[in-house]
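> sharing a model prediction with you, sequence too.
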There are 4 protein chains.
Amino acid sequence: MADVRVRRSREDLRTALLDLLNAKTFDDITVREIAAHANVGYTTFFRHYPSKDALLDDLAAKEIGRLTAHVLPIYDSKDPVGACLAMCAYVQAQRPLWSALLTGGVASIVREELLKRSREATSTQPESGSLPPELGSALAVAVIVELLSWWLRQPQPWPADRVAEVLYRTAIAPFLSRS
Amino acid sequence: MADVRVRRSREDLRTALLDLLNAKTFDDITVREIAAHANVGYTTFFRHYPSKDALLDDLAAKEIGRLTAHVLPIYDSKDPVGACLAMCAYVQAQRPLWSALLTGGVASIVREELLKRSREATSTQPESGSLPPELGSALAVAVIVELLSWWLRQPQPWPADRVAEVLYRTAIAPFLSRS
Amino acid sequence: MADVRVRRSREDLRTALLDLLNAKTFDDITVREIAAHANVGYTTFFRHYPSKDALLDDLAAKEIGRLTAHVLPIYDSKDPVGACLAMCAYVQAQRPLWSALLTGGVASIVREELLKRSREATSTQPESGSLPPELGSALAVAVIVELLSWWLRQPQPWPADRVAEVLYRTAIAPFLSRS
Amino acid sequence: MADVRVRRSREDLRTALLDLLNAKTFDDITVREIAAHANVGYTTFFRHYPSKDALLDDLAAKEIGRLTAHVLPIYDSKDPVGACLAMCAYVQAQRPLWSALLTGGVASIVREELLKRSREATSTQPESGSLPPELGSALAVAVIVELLSWWLRQPQPWPADRVAEVLYRTAIAPFLSRS
DNA sequence: CTCTAATCGAGACGGTACGTCGCGTCTTACG
DNA sequence: CGTAAGACGCGACGTACCGTCTCGATTAGAG
């Protein structure tokens, strides 16, 4: 498990998938391509991931983990606006990565992973909003994903703080406890 | 073009796809299944649609066309709340159909088609909101799709008017002209 | 049967097939091509011939009929050498046609038709050679076809009389009654 | 290339084709049948042969190779009559195989392969006969194939030595050096 | 510092769906 | 109201991936 080679291979596979996502759609990427691009034998792929989707899930989960690790502390400290700004700044700093994740036909998986996180977060809080938490999460996540992917698609993107402001106004505020 | 057989075949294919979407995911449906289920030769499928996705696009476009034909007139008559209610009522009346369209892994195509409509609609109006129209459309559509698909997934769905109220509050009001 | 249009169509189809045989192999010719090239509706083809092969059979039979009509009288008048010369001369005169028939991957059908004729001819004669007539015919026909197709393939073909001489020596003489 | 599985698969495919040739015409045999009959995946067929014809070519070449390996030494030792006898004996010993090869609508491929061999053989010798060697080969091969296939078609076949005698008289002698 | 077991590369293989092509039948819209 | 146009069913084709499976050849890390 701690074998150097194993970690090397998995890391290489994730990186390879990301690279390829910059060039083509997820569906148009074959396992063989990923393996080749990672300088890894075709068979070896399956030694680490049971399928292409599993690799993508792993990749998305890892990156979303990093994102939330950056953002959640701020959010929890009762500073949702700051959290929005932190999120946008982080995404901007990793622009190519998040471009691939949000515009490479993979947005739905990212949405799914984000929802998972969101559900975990809201489940610890008491019911607070006017909507069922499940629905609130879904809508907020949908808006976040849509907004970010729109942002990343723009040839001349807005500055992060302006996006953060819109993000707060459209994805967070409408679903906060009051109202 | 006006050939009876042609119209028959296409209609049968669309219906077959819809039927199958009630049972399984779009990706798990094969062209051969659709053709068989439509009592149509496998080759004939391609005589009408270049691919499975093309059929789905056509199907989605047609259904969304019907939906907007119901809703738009009301919306244009300066009654957005009534339009929301009309939309929800229409979707409820066609529940199985829209369930398939919004929860069968096909939501992204529906979103795409809706966006097309939305863009056409907004392009005729002067810039009005605080957001770029393109972005406003995208967010509104995302929320609509998410909300409706959540609604249709519920075992004991809310009444249409309550959904319509949420719909107006979360998808329409935030993006209307006055910020 | 005597309908002018019918004869026109069939003639056109045969000619079209011949034309196409000059450009490509029989197997690479489609019924649609033949019909188009004959300025005849696709369906019409089948009104006259049940299949592509039937057309070819008809064509071959007709041409071989003409050939034997030229050659047989001479052969029957106890002048086999003259018959060979006549055959070669006739083939030479119709070079493009016979090139198509003998080098277009259709040689086996021509062989078959020739055999039919040959069998009819020998069946009227008493057993005469040292070989069973069936076998004698088969060998003679094989040599004739092979020799002629070789001849027609040559870029600078031999004069007809030289071919006729070889033809007599290799295809006729060895299977004549004596020996 | 030396992979055991590869050799197994190819061998199985050749055998399967031969088996099927005993039952039906080459054109009526589908690749799927061959693969199934060889207990080999359909796709695997194409991993070894680019087409049905390629398999047949390989098969024919291999069998003709064996045949000539038996016959040529004798022929080269200035004993053409003995070579004829050897050939007929060999064919008779492998009757089912050669029946399939010469009467399954495949004769033309066998002819082609034989011609290749024949050309190689004659190209090493000085021009000797009264005919161009190319032509001599073609005629001799045509007669050989025709004679053998006639022989194998017979319900009560001649003894091999009688066929050999005819073979020598009609296919070899007429084309030997002295005219 | 070795040796043993985990890891890897290579690639043959069975399988499923794909989209194409040609045949020959059957229907329909048009002249 | 018949016939030419062409929609259709059928079935084989060859392709592209998938994921499984053996093989040896390396190579890490425990003794």
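Done, it's in. Residues are numbered from 1 along each chain as shown, chains lettered A, B, ... in the order given.
> buried residues, the helix-or-strand element of chain A with minimal mean pLDDT. List them.
Every helix and strand of chain A was ranked by mean pLDDT, DSSP states H and E. The lowest is helix A:107-124, at a mean of 87. The neighbour-count check on helix A:107-124 (16 or more other Cβ atoms under 10 Å in any protein chain shown) flags A:Ala107, A:Ile109, A:Val110, A:Arg111, A:Glu113, A:Leu114, A:Leu115, A:Arg117, A:Ser118, A:Thr122 as buried. C-beta coordinates here come from the backbone N, C-alpha and C atoms, glycine included.
> how does chain A divide into domains?
The record's domain split for chain A, according to automatic domain parsing, is A:4-49, A:54-175.
> does the first one reach chain D?
No: figure legend: domain A:4-49 not in contact with chain D (Cβ under 8 Å from any Cβ of the partner chain); closest approach 15.3 Å.
> now do the helices in chain A.
With DSSP state H, the ranges of helices along chain A come out as A:4-21, A:31-37, A:42-48, A:52-76, A:80-93, A:95-103, A:107-124, A:133-153, A:160-167.
> and those helices as TSV, adding distance to D:Asp58?
Formatted as TSV, the helices of chain A follow (distance: least, Cβ to Cβ, whole Å):
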stretch	distance to D:Asp58
helix A:4-21	39
helix A:31-37	29
helix A:42-48	29
helix A:52-76	37
helix A:80-93	59
helix A:95-103	47
helix A:107-124	48
helix A:133-153	55
helix A:160-167	65
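> determine which of these shows the lowest mean per-residue pLDDT.
Sorting these by mean pLDDT places helix A:107-124 lowest, at a mean of 87.
> what angle do it and helix B:133-153 make?
Angle, helix A:107-124 to helix B:133-153, by axes from the mean of the first three to the mean of the last three Cα atoms, to 10 degrees: 60 degrees.
> what packs against helix A:107-124?
Helices and strands touching helix A:107-124, by 3 or more Cβ pairs under 8 Å, 6 or more residues apart in numbering or on different chains; DSSP states H and E, are helix A:52-76, helix A:95-103, helix A:133-153, helix B:107-124.
> just the CA atoms of that helix, as PDB, please.
This file holds the C-alpha atoms of helix A:107-124, laid out as PDB (Å, rounded to 0.1, in the frame of the first residue of the first chain):
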ATOM      1  CA  ALA A 107     -19.300  18.700 -14.800                       C
ATOM      2  CA  SER A 108     -21.900  16.300 -13.700                       C
ATOM      3  CA  ILE A 109     -19.400  14.200 -11.800                       C
ATOM      4  CA  VAL A 110     -18.000  17.200 -10.100                       C
ATOM      5  CA  ARG A 111     -21.600  18.300  -9.300                       C
ATOM      6  CA  GLU A 112     -22.200  14.900  -7.800                       C
ATOM      7  CA  GLU A 113     -19.000  15.100  -5.600                       C
ATOM      8  CA  LEU A 114     -19.800  18.600  -4.500                       C
ATOM      9  CA  LEU A 115     -23.300  17.500  -3.500                       C
ATOM     10  CA  LYS A 116     -21.900  14.700  -1.400                       C
ATOM     11  CA  ARG A 117     -19.700  17.200   0.500                       C
ATOM     12  CA  SER A 118     -22.600  19.600   0.700                       C
ATOM     13  CA  ARG A 119     -24.900  17.000   2.100                       C
ATOM     14  CA  GLU A 120     -22.300  16.100   4.800                       C
ATOM     15  CA  ALA A 121     -22.000  19.700   5.700                       C
ATOM     16  CA  THR A 122     -25.700  20.500   6.000                       C
ATOM     17  CA  SER A 123     -26.500  17.300   7.800                       C
ATOM     18  CA  THR A 124     -24.600  18.500  10.800                       C
END
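> what's the distance between that helix and the middle of its chain?
10 Å (Cα atoms, centre = their mean, to the nearest Å).
> can you list contacts of that helix?
For helix A:107-124, contacts defined as Cβ atoms under 8 Å, 6 or more residues apart in numbering or on different chains pick out A:53, A:56-57, A:60-61, A:64, A:68, A:72, A:101-102, A:133-134, A:136-138, A:140-142, A:144-145, A:149, B:107-108.
> and if you look at stretch A:75-88?
Contacts of stretch A:75-88 (Cβ under 8 Å, 6+ apart): A:67, A:70-72, A:74, A:148, A:151, A:160-161, A:163-165, A:167-168, A:172, A:176.
> may I see the PyMOL selection of the buried members of those residues?
Of the contacts of stretch A:75-88, the buried ones go into a single PyMOL selection, burial set by 16+ other Cβ under 10 Å:
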select buried, chain A and resi 67+70+71+74+148+151+160+163+164+165+167+168+172
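> tell me which of the contacts of stretch A:75-88 is nearest to A:Gln94?
A:Leu67 (8.5 Å; Cβ to Cβ).
> who's in contact with the closest one?
For A:Leu67, counting by Cβ under 8 Å, 6+ apart, the contacting residues are A:Met87, A:Tyr90, A:Val91.
> if we can go back for a sec, nearest to B:Ala35, of the helices and strands packed on helix A:107-124?
helix B:107-124 (20.1 Å).
> thinking again about what came up before, buried subset of the contacts of helix A:107-124?
Among these, those classed as buried by 16+ other Cβ under 10 Å are A:56, A:60-61, A:64, A:68, A:101-102, A:133-134, A:136-138, A:140-142, A:144-145, A:149, B:107.
> what parts of chain A come near DNA strand F?
Residues of chain A found near DNA strand F (Cβ under 7 Å from any atom of the strand) are A:2-5, A:30-32, A:42-43, A:46, A:50-52.
> now the residues you listed in JSON lines, with distance to A:Leu17 and neighbour count?
Converted to JSON lines, these look like this (distance: Cβ to Cβ, whole Å; neighbours: other Cβ atoms under 10 Å in any protein chain shown):
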{"residue": "A:Ala2", "distance to A:Leu17": "23", "neighbour count": "5"}
{"residue": "A:Asp3", "distance to A:Leu17": "21", "neighbour count": "8"}
{"residue": "A:Val4", "distance to A:Leu17": "21", "neighbour count": "7"}
{"residue": "A:Arg5", "distance to A:Leu17": "19", "neighbour count": "8"}
{"residue": "A:Thr30", "distance to A:Leu17": "11", "neighbour count": "12"}
{"residue": "A:Val31", "distance to A:Leu17": "10", "neighbour count": "16"}
{"residue": "A:Arg32", "distance to A:Leu17": "13", "neighbour count": "10"}
{"residue": "A:Tyr42", "distance to A:Leu17": "14", "neighbour count": "13"}
{"residue": "A:Thr43", "distance to A:Leu17": "17", "neighbour count": "8"}
{"residue": "A:Phe46", "distance to A:Leu17": "14", "neighbour count": "13"}
{"residue": "A:Pro50", "distance to A:Leu17": "15", "neighbour count": "10"}
{"residue": "A:Ser51", "distance to A:Leu17": "12", "neighbour count": "11"}
{"residue": "A:Lys52", "distance to A:Leu17": "8", "neighbour count": "16"}
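> among those residues, which two are most distant?
A:Ala2 and A:Thr30 (30.4 Å).
> quick one: contacts for the closest residue to A:Trp151 other than its chain neighbours?
Nearest non-adjacent residue to A:Trp151, counting by Cβ to Cβ, 6 or more residues apart in numbering or on different chains: A:Val163, 5.2 Å away. By Cβ under 8 Å, 6+ apart, the contact set of A:Val163 is A:Cys88, A:Leu147, A:Leu148, A:Trp151, A:Pro157.
> could you check how far A:Val163 is from DNA strand E?
Distance, A:Val163 to DNA strand E, by Cβ to the nearest atom of the strand, to the nearest Å: 38 Å.
> my read: A:Ser99 touches A:Asn22, true?
Yes: counting by Cβ atoms under 8 Å, A:Asn22 is a contact partner of A:Ser99 at 7.3 Å.
> nice, that's everything, thank you.
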